[in-house]
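> Everything below, folded, please.
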Amino acid sequence: QLQLVESEGGLVQPGGSLRLSCATSGFNLDYYLIGWFRQAPGKEREGVSCISSKGDATNYAASVKGRFTMAKDTANNMVYLQMNNLKPEDTAVYYCAVDPTVHVMCDPNLTPEYDYRGQGTQVTVAS
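All right, here's what the predicted structure looks like:
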């Protein structure tokens, strides 16, 4: 059974950093599309980042590019999102998601449409 479990988020001051992790199981992390998306209160879901099949490409939404870094550890079935220079507008519930198909490229804007996601974790950026 495919499962995704995000780590606990937290409260961070503006300019601070936070790393989210996602424990995966039930599928081959090396082959499928994996990504993060977020949803702020009263707003639509927003794609954040993605890694293509086999890890050939990692892409980011314009709003986080240069501040966030996504990585995957296929040996341990883990996915990470390192978030630096956090801003209040990054406040949202963050979800790890997987699309069980094989693609050599990925579009971070499509991550909210992936077939499976975790339960989500709250990230709040405030002073």
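> what ranges do the strands span in the protein?
3-6, 10-12, 18-25, 33-39, 46-51, 58-60, 68-73, 78-83, 92-99, 116-117, 121-125 (DSSP state E).
> which of these sits most buried?
When those are scored by mean count of other C-beta atoms under 10 Å, the highest mean neighbour count falls to strand 33-39 (a mean of 25). Where you see a C-beta, it was placed from the backbone N, CA and C, and this is true even at glycine.
> Tell me which strands it pairs with, and in which orientation.
Paired strands of strand 33-39, with direction, are strand 46-51 (antiparallel), strand 92-99 (antiparallel) (DSSP bridges).
> How far does it sit from its chain's centre?
Put simply, strand 33-39 sits 4 Å off its chain's centre (C-alpha atoms, centre = their mean, to the nearest Å).
> now do stretch 100-114
12 Å.
> outside of it, which residues touch it?
Stretch 100-114 is contacted from outside by 2, 27, 31-33, 35-37, 39, 45-54, 56-57, 59-61, 97-99, 115-116, using C-beta atoms under 8 Å, 6 or more residues apart in numbering.
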